[in-house]
Structure formats: structure tokens, C-alpha cells
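Colleague: I'd like to go over a predicted model; first the sequence, then the structure.
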Amino acid sequence: MESSAWAAWSVALPLAAAAVAIGGWRAGRVAAYLTAIIAPVLAFGTLRAVQEAGPLRHPLGGWGAPLGIELHVDGLSALMLAATAVVGAATTLYAGAYFNRTTGRWFWLVWLLLWTSLNGVFVSDDVFNLYVMLELLGLSAVALVALAATRDATVAAMRYFLVSMAGSLLFLLGIALLYARYGTLSLTLLGLVAEPDAASLLALSVMTLGMMAKTAIFPLHAWLPPAHASAPTPASAVLSGLVVKASFYVLLRLWLQVFGVSGGGFEAALLVLGALGAGAVLWGSVLALRQRTIKLLIAYSTVAQLGYLFILFPLIAVAGPWAETAWQGGVYQVVSHACAKASMFLAAGSMVKAVGADRLPALAGIGHRLPISFTAFGIGGLSLVGMPPSGGFIAKWLLLSAALGSGNWIWALVLVLGSLLAAGYVFLVLRHAFEWSPEATRPTHPVPRRMEAAALLLALVALGLGFVAAPPLDLLGPLPGAP
Amino acid sequence: MLLALRGMDALPIPILLSSLIPGLIIAFLREESVRTRRVLNLGGAGVKLALVGVMLWGVAEGERYEWRLSILPGLEISLVGDSLALLFITLSAVLWLVTTVYAIGYLEGSPNRNRFFSFFSLCVTATVGIAFAGDLFTFIIFYEALTWATYPLVVHRGSEAATRAGRIYLIYTVVGGTVLLFGIVWLYALTGTVAFVDGGALAHVPPEQYPALTGIFLVLLAGVGVKAALVPLHGWLPTAMVAPAPVSALLHAVAVVKAGAFGIVRILYSVFGIELSWTLGMAYVVIGAAAVTILYGSLRALYQDDLKRRLAFSTVSQVSYIALGTAMSGPLGAAGGLVHLVHQGLMKITLFFCAGNISETHGISRVSEMAGIGRRMPWTMAAFSIGALGMIGLPPIAGFISKWYLGVGAIEAGLPWIIGLLIASSLLNAAYFLPILKTAWLDPHPDASSGEGEDVIGIREAGPLLLLPTLATAALALGAGVFAEAEISPLRWVWMVVDRVFGLVQP
Amino acid sequence: MSAALLYALTGALLFSTGLFGLLARRHLLRKIIAINVMASGAFLVLIAAPGPMPDGAADPVPQAMVLTGIVVAVSATALGLGLALRLREKTGRSTLPEDHPR
Amino acid sequence: MSAEILLIVAAAGTPLLLAALWLSRASRAVAVALAPLAALPALLLTAWPAPTAELVLPQIFTGIRLGLDPVGRAFLFFTAALWTGAGIFARSYHAADPRRDAFFGFFLLTLAGNLVLILARDLLTFYLGFAAMTFAAYGLVVHNRAPAGFRAGRVYLALALAGEACLLAGLMLAAAHADGLGFDRLGEAYAAGEMPAILPYLFVAGFGVKAGLVPLHMWLPLAHPVAPTAASALLSGVMVKAGLLGWIRFLPFGSEPLPGLGTALIAAGVIGAFYGVTLGSLQREPKTVLAYSTVSQIGYMTVACGIALLSPAYAAIAVLALVHYAAHHAFAKAALFLSVGVAPRRSHPRMRRVWLYVGAGLPALVLAGAPFTSGAAAKAALKYAGEALPGGWPSLLALLLSVAAAGTTLLLARFLTVLGDEGPEAGAGAKGGGHPPGNARDPEPSPPPGRWIPWVGLVLLVLLAPLWLTWAYPPPPGVVEPTPVLGLFDSIWPLGVGGLLALGLWRFKHHLPFARAHVPPGDLIVPLERLATHRHAFPVAVARVRTGMGLGESSRRLLVGITRTAAVATLLDRRLTAGAALGFLFLILLAAFGIALLA
């Protein structure tokens, strides 16, 4: 296979599977399982290819820009593809046991479409293509939430739909402005020609706003907790783990690659983004601490963790020689949070299923009632807190060293405070796990082994990311747009 | 085979795995598989002890074990088996074995033993990892792991009080760990190195960075000070004594407080270097904090009626001897502090075992209820007496040796007031330990209505699984003092550490 | 005022109107329609973009984009309507509750 | 290994071995039976001619060094002899005591410590023995488990710990400045002037507690009456001397003169001599009287130490005087204590009472310094050493000592009068004192042989001791042996004066108001104990600081504040979902970006 075609295959595979999934539950499941097996292979093939040959560029069907669609895979894309493949595979495994023929009738189709669009976002070099993929992503994500078919889920899905559409359309408006100004849609080309004039900055503003709404950054986050909490568990995992990251990924491309903000000149705007991030960390954590049901707690923790990602922006601007460290830390946070958060959601789903309730006190004694799931949750939670050894720890180490190395104490304090608050809400679950109350001895509903295994698998990946940080970060390459 | 192992650079790995693997397997055993669990526990402890023995042998002959895994450019997980690390590791390995036996006896028939032993093993793994850490990065990895591995042990009983203690423990240690991380990253950002180097890694840092280094030192000290229970960061320790006796024993003797103390040693000697620490005036800060802690802990211990609580405050006080000694800039003080790492462990674990025996066998947890207990549990109380008298610093028990070198070292370092501190502390120790001994041995048992009745009270000792470990550690505590200058003794090893690691020469 | 600018301004106006409707109107049907208005506005701006064609020929790229965009908008509208129906079925209302239950 | 070394090992090891046997229930009876004989190997060792060998165990503890020098031999002799005698006495005395085994357990440990400290050739071995003796003796003091005993034990331990504290500080200082831990090195360091000036003071205070130096003597009058009689005899006869030996070993005798400390010691000694007599005369319990007598006698020995410090040239003779005095006092005082154990009772036949009084009177006379006794010899040696003092001091000192001797006579007369008392105080059984529970209340027709034989033996030894001492501890070269006969008049008049005074007091006791005065035993300790009851000051202070700083309150408020803020945040967060709020936020953010980007 030609090395540059890896990217195309990673989109085509889930798409083809989705087509098969129209055939019904059984066909969909087979297709999804196959995807779950092949996608990681493809992803790691892509990783290797990028590692060996540098960024890959693939004109789809031989048509190049401007009319044709060009795919572009660099280190960042490859890492996102890999994270998607791993989380997707585990979720697929989990979903196979979670749903049955009735409840999961449409799940496979929607999920595979979502997978397609995720990969599509990560390999697009073309902003309009990006828009299409984002729309597909948003719609399938909404559909996944709606699959839960409860009242709460429907309300949440509706709200999600509206926000997602507003975000996409803002993005589309930005595309129009950019095209009007520069006459090209290619991210790469835009990166070469973009200038900070009024039209471009207006485009940047609306696109950023759109993507922020989709990423659910504070204070536009309110739609996220109910949506993620009321969705079916596998959906929650991918929504929190991957979907919000896709729009963040787009933001990275915009700010770093297209506008090259690390070169300077955007400090004030980056500061605003950072402030929002800091707000998210604090606000999300405090609200997570107030939750009394486990899935809402995890969902609010997503709000908080997304805040870390936004702290990346001011760090890039002010960190000087440490900017690259911040960049690595930010991306590593994306990847490790994806695994950790997905594993937490999956484990929480198992626990809720086992005890038949989602209130935190109902989880009393879960530590010995459901040890594997609890272990998965614990590892995921600790990675979230930034406890070593875990991916979260590496990410926090990098971000923190960038902040401290460049003397930006405020951001360092936010990071530290966020860690402490995270420890607080993870503890809310842990404390019940070891409690010895009458509830702790109640028998549990059986939980399929596959579900527990899937959660543990992801948790172990989150853990393992703490040990193998060097290769992925090597692959990531230098900060885009750095002077 | 042992010969082959001796030359193996990666020997730290199997030593870590010897407790990690049993811990992981036990977590997923069925609760009823008592035998498998025992085999795993004792087997792991035995294997670890054997491997540590091999390493001791190697290090004594000049070997240095080093294993590195690069995580990021400039950051690596490095496990280094040098003489200082082995001091701590040997203590952990020996006491782990003893405590495992004790815990098997202690928890017989109680629920959740899988979880207990699993985290117990993880806890030891983390402790050994802390000892092996070759840089601050590795150090904090295991340091944090220790926090979370210990939490389930503290809350093991699952009661209201246990949960509360666990919460307090976590608040303290997590904040402490975060502060430590902050300091480490700051150091890394400032100097680009977090490695442990004999004699200090920061010797080359230019003086204009000294203010920042001072800040870093304080932050790091605050971080490890939580686990080392330096006043006023000690609040968690007396609360955490609600944990089962073997946990308290391990917590106070090896795992958590020692990890903190060991951290202080590493920061003083391997990161900053004792000379720079004095230049920055930070060694004096450590000494001051330790002095306050020593006195405060003892004073608080005086007024505790709960036996374990009294012991806990005693730990607060005693552990700071380690920091005190190592912060002095002379070989004698260093030896006193380092050897106390081992000596305090042996004595305190004995005391906690005894407290466990008493409460398990007779349901007594308060000092005021202990009248005549010596008559009922002569062996346990004999062990307790050795531990208590050793803590006071009575020769020839191990505690005296530590105190002796601390005192002589203090004069050598030009800090004669520390002798006053040591003496005051000894007097306070006597003031809170001797009444226990008096109550236990000399006061009449409540069942004995009159003088004649005393013979009626028979012996009711703890079971062999509880008693044997207790006696073993008591014997070790006594032996470490009586044979302090023997070929194989903690003190001898410490002389070697002092000689090798710190480049100080034995007088 | 060139035609392109007129298109663009109209588009912007439409987009703003749609956005306002989306945010301010409570009935879901209105919101969905507002989304469509927004989309149309964006399309108009896109159409107004001057192409790189030197000979003044219409630039095919925006056309293609708008076409695609319409397809996307239609499917989105379908999903939105479906959801609105389901919501009505579950809650008996055609509006979103002011806050979400937690 | 030479026979001498073997003997040293046996001397130090026998009590330890028996103590180890005691630990096991099976062999405890053997250990208890043999305990009185545990000091015999040590006694044998003193008969070894000219001991020179040293047992060195470098691997044990901080390095153990045991050996015997002339001073050590003299101390070892009376120590071993008294332990044996008291041990045999105790066998009989505690025959029916349910806690007999416990008594002998502590007995063995105390003995082991005592022997080790005498044999020690280095600082830490000495300290090891000293500490073991101190702490094990607590068990002897509180043997009767009565409140009075525990009080005495508490005072004893508190003072002993204070002493140990000074001692330990001194040892650390000495070790840091000397080149090694041996006594020889200590002497070299003193001679080289390398030692800090505070060191002798620490040692004086550290051993002063054990020796009963005023004002550190308070434990003596409390501990003696409550301890079993054999233990009292050992405490006063032997263990107090361990403090003295400590001074001899640790103070810079023969190095640079220390006028300040020397004068202070002489003053303390003279004060102690009178203080003991005065307070002792006001006591009503025979063993308390004896305890104060010990305080008084230690005063003499303190004077000798002071002289040795004051004038290095006279150090050797002062030490000679000290050794003589210590030995003489040990035997005499132990015999007196044992006579309490065989005390005459009104129910006894007349002849036996007479013999008992004679037997008790003999050591009393010796102690008072009657001519031709070891007491006179010791006092003579002391006066001879006093020649070291300048100007008219020697004669003043001689006078003071003579007056004090008169006081001693008075005190011992007091002892003999209260010895036969059977009142509630004298018996002390009611207070939980002297007699062990088993046989305290039984009126005994006659003391069993197990008691009077060791008593008689000691009384005889008191008389023979001077002969032996001249052999065992010859004057060092260059020192003229003082003539034992001091001048008959000099030694007789204090006896006469004291006797007359006693007679007068006894005759007119109902007419003299001060004769009925009574000072509680332990004198100074009583107000001190009252002070110590304020020990709850610390927790109260901690609590006060906490409330003062408002730690609890402020942290609670903080918590409440955080909870409230979080609750408000939760409410707000719900509002954020509303369409209008979202639109508002959109606009704000757009504006923020616009400004930020264009600015």
C-alpha cells in the first residue's frame, strides 16, 4: 500500500462498515468488530508511516486542491487517529455487550458514522471538508445521545443539536469569509498566506466561537453534562473522550497552523482563551464536586479537563522557549484524557448496571463488588488527577514545566488547583467504594466480562501512556507555526 | 543463580515485581482462596528478601545497580540500587515479611482480605520504588503511588471513622504530593535536572539562582514534610491510626512517614547537597522544623489516652530525628539520622504490633485500661517494653545508638543546643512511655480484687501469628543496639552509606 | 455597491437573523427554521466570495460547497425535526425546558 | 583467653545469665534460688591479685570494655559483698512474698548493671550499666505496689531521668571532644584542656542525683522506707556509691584545678552533711532516718570530691579517702538497714533485744566515727586530704566535720530510739512500706536465721573492712597513708557531744516544742510535686492557641463559604442552558475576541 493512502483507508474503513451496518444489528456488530480490529492496525500503520516519512499528503482519487479533496496526516493527526482507534475499539467491544438487538438497532450505524467523521476531521486538509465532517460528527453524536430514548436524553440531545448546529454554521460562515479573502480552502495553503487583517480575524473569531461551543468550553459548556450523562454509556465514552476533542483539534489547526499565533501578535486573544480555560477548570471541578450521580460527575470533570487544553493557548504565546513543551503537554493531555475519560465512563456504566442505580451512595463497597471496573475507574481517575505514572501525569508535568519554566505562575497555580479539585471529585467516588454500609453487601446484577475488560483496557492504556511518552511526542514534531 | 543475579543491573526490577505481581494477582483472587493468598504473600515477601539479600551483598562489594527507562528527553524513570537506597529497602523487605505474617494472623476471618493484601503489597512496592528512585521524577511517581495504595488500607474497616481518617489522610497527602510535584517541576524548569547525585546535583548552579533555589527547597520540603509528618503538616498521622494494626505498623515504621523522611534525606543530600543546603540556610530550616516537631509530637503524646494515638504522636516526634540528623553537616549526625530510619522502624513496628495484640486479644485500646496487662500478656508486654525503652533511648536498645550519634554529631556540627533538644525529647518520651509500662506491669489487674487474687489471672497471650512477628521485631530492635558495631548491623551499613554516598569519612 | 458585496451583506444579515432566532425563540420548530436561515446566510456569503478565476467566470468551488452544504443542512433539519417530534412525545411540549434536570 | 578474663566474664555475666533464665517460666525457680549468689564471681574477682587484663568486645553495643583497676576493685568488693549479703537476707525476707520472683528479677538486672558499671573501662559501657541499674532499681523501689511506693518511685524516676539527661549530654560532649570513649582518653582530653567547661558540671549533676547530693537527694528519704529492707540496704549502701564512682571516673581529678566547681562541691558537701542530720533528726521512721543519714554522709564524700577538683596535687589522697569512706559507709549503712529487718520488738525476750540493739549499735558507732573503726580512719583520711585547702580552711573543715560527726551521733541515736517503735508509722506496713505483704502483719517471735546470719555477717564485716581495704586499695605511690588513729580526743568528743544531745532531747522530748517538729520525708519534693500538678497547662495552652487563632472556626467558615459558593455555582450553571443566557454569552465572547484580536 502506498504510504500516503493510510489516511484514506482510515476514513473508508468505518464508512464501509457503516454501510454494512444498515443491514441490522447482527451485520452492524460484525462490521463494527471488524473495524475495531482493523482500525488500530491502520492507525498504527499511519503512525509508523508518519514516523518514517514525515507528514503524508494524499489527494483523494488523484484530484488535488483546489477542487479535489486532499488528505493530510501529520504527527498530530496520526496521534488523534490512534487515540480514536483505541478508544473506538474498546467502546465497540463494550457496546457489543451493552446493547441488545432492540436497544442497539441503530447504534452500530450511528457509531460507525461517528467514527468515520472523527477520522475524517483528523485527516482533512481542507476547511470545507472539515466542515462537512464536523457536521456529520455533530449529527451522529446527537443521534447517539438520542439513542437513550429517555426524556432527559431527548432534551439533552435536542439542546446538543442546537448548539452543535450553531457551532457548525459559525464555522461555515468563517470558511466563507476565509475563502472570500484568500480564495483557498486548504489549511496548508491558508497557513502560508493568512494575514491578521480584519476579515481574517473576523473569520477566526466566528470559527473559534463555533468550535468553542462544540468543545463545550466554559461558559458554553452547559449543554455537555446532561448530554454526556444521559447518553448510553458507550456513547458517553466516545463523546467525552473523542468528540469534544475533534473541535478542539480544529481550533489547534486554526490558531497554530493557519494563523501561526505562536509567532506573536495574538497575546490578548490567547489570554482570553486561557482565561476561559482556567474558568472551565475551576467551574467544572467545583460543579463536579457538587454532583450526586456518577455519570454527571464524570461529565462535569470533562468540562474541567477541557479547560486544561485551553490553557495551552496562552502558554504557547508567552512561554518562549517553553512553548514547545506546552504544545506537547496539551496534545498529550488530549490523548491521555481521551483514554482515561472513556475508561471512566465505561467503568461507571458497568457499576451503574451492577448496582442498578447511579447515585453515588449506591456505589458503597463497589471496590470489592466489582473490582475490575473499579480498578479501571480508579486508574482512569488518577490519570485525570495527574497522578503518576499515567498519561495525565506526563501531560501535567509538561504543562506545568512550561508554565513554571517561563515564569507564568498564574497558569501553574491553575493547573495545580485543578489537580487538587480533580482529586477531590475522584475521591467522591473512591470513598464510597471502600465504604462498609448495608448497601455494600447487596448482590449485584451480573456485568458481562467484555464490558469490564474494555474499561480496564482503556485504563491500562492511560496508565501505559505514562511510560511511553517519548515516541508519540517525537512524532508530534515541533510546534506548528513556530518562528 | 544468585551469582548471576548479583551482576544484573536491572535487579531493582525483580525486587519491585516481587511484591507488585502478588499484589496484582491477589486483587483478583476469590475471597475464599486463603491458601493461594498466603502462598503469594509469603512467597513474594520471601523472594523479595532473597533478592534484597543478593543486592546487599553486591552493594557491599562495590556494585551499583542502575536501570533506566527514558520517558521524555531529559526525563527518565531511573532505579538505582545504591547503599542509601538499600538501607531503606532492606528495612522494608524485612518488615514487610514480618508484617505480612502478622496481618495474616490479625485479619483471620475478616472480610475483604483480598483487597487488603493486594494494596498491602502495592504499598510496599511503592515504598521500595521510592527507595530505588534515582531522581525526583521517579521519586514522585512512587511517592504518589504510595498515597493511593495506602488509602484503601487506611479506610479498610469502612467505618465512619475510617472513612473520615481516609479523607483527612488523602487531603493532606494529595495536597502534599501536588506541592511536591510543583517543586520538582519548578526545579526541572529552572535547572533542567532532577537527578539524584551523590553530594548534590545542584552544586554547579550559579549564585544568582539561589533565591529561586531557596523557594524550591521550601516547596519540596513542604511536599515531603506532609508524609514525614513535620509539624504543622502532621495532622493526618494521629487520625490515620484507626487503620488496622498491621497497617498502622507499616505506616509508622516503613511506608508513609519513612517515605517522607527518606525524601528529606534525598533532597538534602542528593539534590541540593549538604553544603548548598547550608549555604542557602535551608538545612537550618530543616533542623528547626524537626526540632519543633520533635518537641511538639512528644508533648502531644503525653496527653493521649488512646494507646495507638499516643504511639502516633510519638512517631511524629521520632521520625523527625532522621531529618534532624541528616541536616547536620557532619558524618556522625548523618549516621545518627540515617540509622534512626531503621531503628525507629524496628521499635515502632514492635509497639504497634503490641498495641494490635492487646486490642485484638483483650479489646483494650486505652492506656488507662491496661492495668495489669503485663501479667496477662507477658511476652507482648516484654516486646512493648523493649520498644518503649528503646524509644526513650535506653542503652543498649537501638534507640540509644541513634540518639548517641545524633548528639555527638550535633556537637561536631557546632549545634550543641541540639543536645538539649534530644535530652528534652528523651525526657518527654520517658514521661509518656514509662507510665504505660508502669500501668501494664505493676498496677493490679481489675479482675484481681485483692493481693491474693493476682494469681488467679492466667496468661492469655495473642495467637502465634501475632506474637511471633512482635517478638521478632523486638529482638531485632534489641539486636540492632546490642550488636550495633557488629559486622552486620544497620549502623555498620550506615557508616558505609556515609562513607560512600556523602563522601564523608568515618571518624 | 458590487453584487458580491450585496450578497455578502444579505448573507450576514440572514445569518444574524437566524442566530437571533435560534437563541431567542423558544419553539423548537422556529429554532430549526432559524438554523436553516443561518445556513442560507452562510451560503450567500460563500457565493459572494470572488473566485480566483481570472476571466471572471463563476468560481465552481463555492457552488460545489453550497450544494454540499444544502445536503448537510437538509439532513440536519431532518434530524432536528425528528428530535423535536420525539421531545413532544416525551414531554408533551414543543419547547425546551428552561434548565436541565440534574 | 586468660583466667582473669574468664573471671571478668563470669562476674558480669552471671547475673545476666540468671536474668535470662528468669525469663522462662521453666527455669525461673532456679534463677531465683541462685540470685543471691550471683555476685560471688565478682567477689572472687576482687581477690585476684593485681588485675590488669581487659575484656574488649568491639562488636557489641558501641564497643564494650571491661576491666578492673584499684578503685574499681575496692568498689567491686563492697558492692559484691553487700549484694550477696542482702540477697541472702532477701531470700528469707521474701520467702512468703507472692511477688518474690519479681523482686529477684529486678534484683538480678540491677546487680548486672551495677557490676558492669564498676567493671566498665569506657564511658558508654559505664553508662550502659548505670542506666540499667537505675531503671531496674525502680522495680525494687515500688516492689510493694502501694501508693506511697509508687509516689517514691515516681520521684525516684523523675530525678534519675533528670540525672541521666545531664549525664547523657555530658557523655555526648565528652565523646565529641575526646579521641575515643575509654576513660584513659577522657583523662587525656581533660589534661589537654580540650573539654568544654560545662562538662564537669554536667557530670556532677548527672551523678549527683544517684549519689544523693543536696538538693538532688529528695528521692532517698522517699524511696528507702517504702522499698523492701534488702533493697533499701542496697540503695543506700551500694547504688548511691555508683554515683560516687561516676564522679571519680568522669571528673577531671588531677588535671587542671577547677576552683569554682571544687568550692561549690565542698560547700554542697558541708551543707549536705548538716542538712541530712537536721532533717533526719526530725523523722520518725527508722529507714527515713537512715536515708537522711546517707544524705549527710554523702556530704563528707562530696567534700572529698571538691578537694580533688580544687587541688590536683591532692587528688590521689582525696580519692583514697573517698574509697575508704565509701566502703566504710557501705558496710555500716547496709548493716543498719538490715537491722531494721531484724528489728527488736517488745514481745522479744530481753536478751535477744539487747543483742539486737548491740548489733545495731555497732555499725552506728562505726558510722559516727568511733575510734579504731573504719569510720575514724575514713574521717582521718578526709581531714588529711583537707590539708590541700589554703589558709585556715583545713582546720575549719576539720571542725565542721567534727560537728557534723556529733550530728551523726545524734541522728543514729534517733535511729536507735525509733528502731524499736511499733507505732503505725514505725511499722510502715500500714503505709505500704518496709515489709512485704505476706509477713508484715505477723508478729514474729524471732527473725529467722536467713535474716540474722547475713546481718551478723555484715556487722562483722563492718569491723573487718579496714583491714581488708589496706590490702585491696593500698595508697597510690607518693601518697603517705594517713594514720588511722586520728587522735583519740578528736574522734571521741563528737560522739560524746552527740550522745549527750540525744539523751537530752529524748529526756525532754515532751517539753521542747521543736522536738516534736516533723518535716515530711523528701522535704523539697513536696512543693515541687505541687508544681507538677499543673501539667495540664500544655493541652490547655494548645487549645487556647487554637481558639485564639480561630483555626477551627475559620476553617469551618471557609468550608461553609466554599459550599455556599458551590451551591450558587450550581444554580448558575442550570441557568446557563437557557437560550437567552447562551446568546448573551455568545455575544460577550464574540466581543471579547473582537477586542482582543484587533487590539
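Modeller: On my side now, so go ahead. Residues are numbered from 1 along each chain as shown, chains lettered A, B, ... in the order given.
Colleague: close to chain C: what parts of the stretch 101-250 of chain A are there?
Modeller: A:128, A:131-132, A:135-136, A:139, A:142-143, A:146, A:149-152, A:154-159, A:161-162, A:165-166, A:169, A:172-173, A:175-177, A:179-180, A:183-185, A:222, A:225-226 (C-beta under 8 Å from any C-beta of the partner chain). C-betas here are computed from N, CA, C, even on glycine.
Colleague: what helices or strands is the longest helix that chain C contains leaning on?
Modeller: The longest helix of chain C (DSSP state H) is helix C:60-91. In terms of contact count using 3 or more C-beta pairs under 8 Å, 6 or more residues apart in numbering or on different chains; DSSP states H and E, helix C:60-91 is assigned the packing partners helix A:127-146, helix A:151-182, helix C:28-48.
Colleague: could those go into TSV alongside mean neighbour count, distance to chain D and mean pLDDT?
Modeller: Shown next, in TSV, are those (neighbours: other C-beta atoms under 10 Å in any protein chain shown; distance: least, C-beta to the nearest C-beta, whole Å; pLDDT from 0 to 100):
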stretch	mean neighbour count	distance to chain D	mean pLDDT
helix A:127-146	25	15	94
helix A:151-182	26	7	91
helix C:28-48	23	8	91
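Colleague: and of the ones you listed, who's closest to D:Val340?
Modeller: Nearest of the helices and strands packed on helix C:60-91 to D:Val340, taken as C-beta to C-beta: helix A:151-182 at 93.3 Å.
Colleague: check which helices and strands the helix or strand just after the closest one sits against.
Modeller: Following helix A:151-182 in sequence order, the next helix or strand is helix A:187-193 (DSSP states H and E). Counting contacts by 3+ C-beta pairs under 8 Å, 6+ apart, helix A:187-193 is packed against helix A:127-146, helix A:151-182.
Colleague: what's the angle between the shortest one and helix C:60-91?
Modeller: If you take axes from the mean of the first three to the mean of the last three C-alpha atoms, to 10 degrees, helix A:127-146 sits at 10 degrees to helix C:60-91.
Colleague: just the CA trace of helix A:127-146, in PDB.
Modeller: This file holds the C-alpha atoms of helix A:127-146, laid out as PDB (Å, rounded to 0.1, in the frame of the first residue of the first chain):
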ATOM      1  CA  VAL A 127     -11.600  23.500   5.700                       C
ATOM      2  CA  PHE A 128     -14.800  22.800   3.900                       C
ATOM      3  CA  ASN A 129     -14.300  19.100   4.100                       C
ATOM      4  CA  LEU A 130     -13.600  19.800   7.700                       C
ATOM      5  CA  TYR A 131     -17.000  21.500   8.000                       C
ATOM      6  CA  VAL A 132     -18.800  18.500   6.400                       C
ATOM      7  CA  MET A 133     -17.100  16.100   8.700                       C
ATOM      8  CA  LEU A 134     -17.900  18.300  11.700                       C
ATOM      9  CA  GLU A 135     -21.500  18.400  10.700                       C
ATOM     10  CA  LEU A 136     -21.600  14.600  10.300                       C
ATOM     11  CA  LEU A 137     -19.800  14.300  13.600                       C
ATOM     12  CA  GLY A 138     -22.300  16.600  15.300                       C
ATOM     13  CA  LEU A 139     -25.300  14.900  13.900                       C
ATOM     14  CA  SER A 140     -24.200  11.400  14.700                       C
ATOM     15  CA  ALA A 141     -23.200  12.500  18.200                       C
ATOM     16  CA  VAL A 142     -26.600  14.000  18.700                       C
ATOM     17  CA  ALA A 143     -28.200  10.800  17.400                       C
ATOM     18  CA  LEU A 144     -26.100   8.700  19.800                       C
ATOM     19  CA  VAL A 145     -27.400  10.700  22.700                       C
ATOM     20  CA  ALA A 146     -30.900  10.400  21.500                       C
END
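Colleague: centre of the chain to it, how far?
Modeller: 14 Å (C-alpha atoms, centre = their mean, to the nearest Å).
Colleague: between helix C:28-48 and it, find me the angle.
Modeller: Going by the same axes, to 10 degrees, helix A:127-146 makes 170 degrees with helix C:28-48.
Colleague: report all helices and strands that helix A:127-146 contacts.
Modeller: On a contact count with 3+ C-beta pairs under 8 Å, 6+ apart, helix A:127-146 meets helix A:107-123, helix A:151-182, helix A:187-193, helix A:233-238, helix A:244-252, helix C:60-91.
Colleague: can I get these in a markdown table including distance to B:Val155?
Modeller: Below are the helices and strands packed on helix A:127-146 laid out as a markdown table (distance: least, C-beta to C-beta, whole Å):
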| stretch | distance to B:Val155 |
| --- | --- |
| helix A:107-123 | 39 |
| helix A:151-182 | 33 |
| helix A:187-193 | 52 |
| helix A:233-238 | 28 |
| helix A:244-252 | 34 |
| helix C:60-91 | 42 |
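Colleague: which of these sits closest to B:Gly263?
Modeller: Using C-beta to C-beta, the nearest of the helices and strands packed on helix A:127-146 to B:Gly263 is helix A:244-252, at 36.5 Å.
Colleague: which other helices and strands does the closest one contact?
Modeller: Counting contacts by 3+ C-beta pairs under 8 Å, 6+ apart, helix A:244-252 packs against helix A:75-98, helix A:107-123, helix A:127-146, helix A:198-215, helix A:294-318, helix A:323-355.
Colleague: what residue in the stretch 251-400 of chain B comes nearest to chain C?
Modeller: Nearest to chain C in the stretch 251-400 of chain B, going by C-beta to the nearest C-beta, is B:Val256, at a distance of 37.9 Å.
Colleague: tally of neighbours for that residue?
Modeller: When neighbours are counted by other C-beta atoms under 10 Å in any protein chain shown, B:Val256 registers 33.
Colleague: give me the domain ranges for the chain.
Modeller: The chain I'm using is chain A. Per the record, chain A has its domains at A:1-259, A:262-483, by automatic domain parsing.
Colleague: hm, I was asking about chain D
Modeller: Per the record, chain D has its domains at D:3-533, D:556-598, by automatic domain parsing.
Colleague: tabulate the ones you listed (a markdown table), appending mean neighbour count and distance to C:Arg26.
Modeller: Putting the domains of chain D into a markdown table (neighbours: other C-beta atoms under 10 Å in any protein chain shown; distance: least, C-beta to C-beta, whole Å) gives the following:
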| stretch | mean neighbour count | distance to C:Arg26 |
| --- | --- | --- |
| domain D:3-533 | 21 | 78 |
| domain D:556-598 | 15 | 7 |
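Colleague: ok, which of those domains comes nearest A:Ser124?
Modeller: domain D:556-598 (23.9 Å).
Colleague: the closest one: end-to-end distance?
Modeller: 47 Å (C-alpha to C-alpha, to the nearest Å).
Colleague: tell me the mean pLDDT for that domain?
Modeller: Averaging pLDDT along domain D:556-598 gives 79.
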